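1. missing the sequence, but the structure's below:
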DNA sequence: TGAAATGTTGGGGCG
DNA sequence: ACGCCCCAACATTTC
């Protein structure tokens, strides 16, 4: 009797799941398991109340249901992954252990040990379920990793992406899970005890089927105009697939092939499709960078920034709170921060603007912003989040130059001209004119809204001054 | 996947 | 007609 443990992590789907596919193909029975790793992985601390935990809960619920329909029970365990898997292997006599890889340093270290330890008692195999191709697939001619996106993405496409997405496996699955102990999903504690999550989740449909619905909706209605419309936060022009990608309710390979199939039928969508796929490429780049430069989870990739004179915590703490709560007095920034708080998501253009404001105008270390995003985003993803923040701060790969400072008023006038996005998230400004809504301090209207917390011109110059201190340091 | 400062050009008002 | 100035509008440079 061959029995495979299928360890689900950030691949909470049945279709195009290489580990599950291999288990079903090669073994007579499967035991699907999810482990709450209290030792911490992917930057989330145990018991920490976070938006992405809520999303995880619902994704697991969906996966549990889908597996039940196929005839097997998803087992939930908690603790050190090695111990949990050793125990499960002993309980079941499993002959195989399959999973899809992860790429964060803590996860890699954990998986490496497990592979070493359990290879004595069963066959352990890992697969690529999260990326179009592996981080080690392309390097520069000199053998070092790319640091520039366009060159990276060009080479990666040139090297090609292996294989078509795997189909959803046929039912029924055979498993021996009836007599195994399992926590309940609720036991994992991914839902907050004060149920603030309910409002947030009205903005989302979670699970593998919902992910494909979202992709189909995006492709049929939005991808054609993606390049032109994606920068306008009031428009529903983006895919909003990021949380699905993070938890693996859809795979990038599925997105690539579905999008290319659409392109074949609709050649005029080429510009939009290319632009959209390059965003998938940025996600690949983020994982690539995290794999090759694991220290960047906390330290700047550009070593000059180790000496950057950020403000000190006791000095910036009050400002940080205003930023987090959407009380900066700059409407576009506050709208973004409140969208984040209420929905667990923020439009990407606005993410760049609020991040630039934190790191440059407020001179608060990018790690503070990264941490806040990690707690509040449903799509919180270590690789993408680290890359994004280092990019904005100017210390990352292919980063925005430090002197590139977004002006939140100009960005607002450019990308939310009619104030539609601002009015939606800042109802107190709803009656401002199209002209003054971007800078309420120029209006005589009396509203309950904070005054701007900093002078944009002066704080920009202050940031440039501080950059002068480090810019000529040897790298 | 900026913004601000600085430079250039050319049309029009005007003496 | 001409030179001069002003200043959009656009281009280039700098941060």
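-> Everything's here; your move. Computed from a prediction, not measured in an experiment: that's the story for all the values here. Numbering: from 1, shown residues only, chains lettered A, B, ... in the order given.
2. how many neighbours does residue A:279 have?
-> 16 (other CB atoms under 10 Å). (Glycine included, C-beta is placed from N, CA and C.)
3. Tell me the gap between the host helix or strand of it and the middle of its chain.
-> Assigned by DSSP states H and E, residue A:279 falls within helix A:270-292. In terms of CA atoms, centre = their mean, to the nearest Å, the centre of helix A:270-292 is found 13 Å from the chain centre.
4. Please determine whether that helix lies in contact with DNA strand B.
-> Yes - using CB under 7 Å from any atom of the strand, helix A:270-292 reaches DNA strand B at A:279, A:282.
5. and the stretch 351-475 of chain A, which residues reach DNA strand B?
-> Going by CB under 7 Å from any atom of the strand, the residues of the stretch 351-475 of chain A near DNA strand B are A:352, A:400-401, A:403-407, A:410-411, A:414, A:456-457, A:460.
6. how does it look with 6 Å?
-> Residues of the stretch 351-475 of chain A found near DNA strand B (CB under 6 Å from any atom of the strand) are A:352, A:400, A:403, A:404, A:405, A:406, A:407, A:410, A:411.
7. now the residue in the stretch 51-200 of chain A that DNA strand C sits nearest to: how far from residue A:306?
-> Nearest residue of the stretch 51-200 of chain A to DNA strand C (CB to the nearest atom of the strand) works out as residue A:148 at 17.9 Å. As judged by CB to CB, to the nearest Å, residue A:148 and residue A:306 stand 22 Å apart.
8. Could I get the full set of helices for the stretch 151-300 of chain A?
-> In the stretch 151-300 of chain A, the helices defined using DSSP state H, counting those that start in this stretch lie at A:197-201, A:208-221, A:226-229, A:242-247, A:252-265, A:270-292.
9. For the shortest one, list every residue counted as buried.
-> Okay, so that is helix A:226-229. Neighbour-count burial for helix A:226-229 flags A:226, A:227 (criterion: 16 or more other CB atoms under 10 Å).
10. what's the answer for the longest one, then?
-> With burial defined by 16+ other CB under 10 Å, the residues of helix A:270-292 counted as buried are A:272-273, A:276-292.
11. Not counting stretch A:392-402 itself, show me its contacts.
-> In this structure, residues lying in contact with stretch A:392-402 by CB atoms under 8 Å, 6 or more residues apart in numbering are A:147-150, A:285, A:289, A:293, A:296, A:300-302, A:304-305, A:308, A:352, A:355-356, A:359-360, A:366, A:386-387, A:389-391, A:404, A:463-464, A:467, A:471.
12. what about the nearest residue to residue A:254 once chain neighbours are set aside, how many neighbours?
-> Distances taken as CB to CB, 6 or more residues apart in numbering place residue A:165 nearest to residue A:254, at 4.7 Å, with adjacent residues excluded. By other CB under 10 Å, 18 other residues sit near residue A:165.
13. Residue A:165 and residue A:17: what is the separation?
-> In terms of CB to CB, residue A:165 sits 10 Å off from residue A:17.
14. So which residues on the stretch 301-450 of chain A come close to DNA strand C?
-> residue A:403.
15. List the contacts of the one residue in the stretch 301-450 of chain A that gets nearest to DNA strand C.
-> Going by CB to the nearest atom of the strand, DNA strand C is nearest to residue A:403 of the stretch 301-450 of chain A, at 4.2 Å. Residues in contact with residue A:403 (CB under 8 Å, 6+ apart) are A:464, A:467.
16. what does residue A:319 give?
-> Counted by CB under 8 Å, 6+ apart, residue A:319 has contacts A:362, A:364, A:453.
17. Reformat these into a markdown table and put distance to residue A:217 and neighbour count next to each item.
-> Formatted as a markdown table, these follow (distance: CB to CB, whole Å; neighbours: other CB atoms under 10 Å):
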| residue | distance to residue A:217 | neighbour count |
| --- | --- | --- |
| A:362 | 37 | 23 |
| A:364 | 37 | 21 |
| A:453 | 38 | 18 |
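18. Just give me the closest of the residues you listed to residue A:172.
-> The closest of those to residue A:172 turns out to be residue A:364 (CB to CB; 54.0 Å).
19. and that closest one, helix, strand or coil?
-> Classification of residue A:364 using DSSP: H, G, I helix; E, B strand; the rest coil returns coil.
20. List the backbone torsions phi and psi for it.
-> The phi and psi values for residue A:364, taken as degrees, to the nearest 10, are phi -90, psi 140.
21. Isn't it up against residue A:355?
-> No - using CB atoms under 8 Å, residue A:364 makes no contact with residue A:355, being 10.3 Å away.
22. picking that back up, and the residue of the stretch 301-450 of chain A closest to DNA strand C, backbone torsions?
-> According to degrees, to the nearest 10, residue A:403 has phi -80, psi 0.
23. before we move on, the earlier item: and for residue A:165 and residue A:17, which residues touch both?
-> What both residue A:165 and residue A:17 touch, as defined by CB under 8 Å, 6+ apart, is the set residue A:251.
24. just for chain A, where's the confidence low?
-> Applying pLDDT under 70 to chain A flags the ranges A:38-49, A:475.
25. ok, now with 90
-> Along chain A, the parts satisfying pLDDT under 90 run over A:1, A:38-49, A:162-163, A:171, A:176-179, A:398-401, A:435, A:444-446, A:469-475.
26. how about the most centrally placed residue in it, what does it touch?
-> By CA atoms, centre = their mean, chain A has its centre lying nearest to residue A:381, at 3.3 Å. Counting by CB under 8 Å, 6+ apart, residue A:381 makes contact with A:42, A:242, A:245, A:246, A:286.
27. Isn't the fourth one up against residue A:383?
-> This means residue A:246. No - contact criterion CB under 8 Å: residue A:246 and residue A:383 do not qualify, at 9.5 Å.
28. quick one on the thing from earlier: who wins for neighbours among the contacts of residue A:381?
-> residue A:246 (26 neighbours).
29. what's the nearest residue to that one if we skip its chain neighbours?
-> In space, residue A:246 is closest to residue A:381, 4.6 Å off (CB to CB, 6+ apart).
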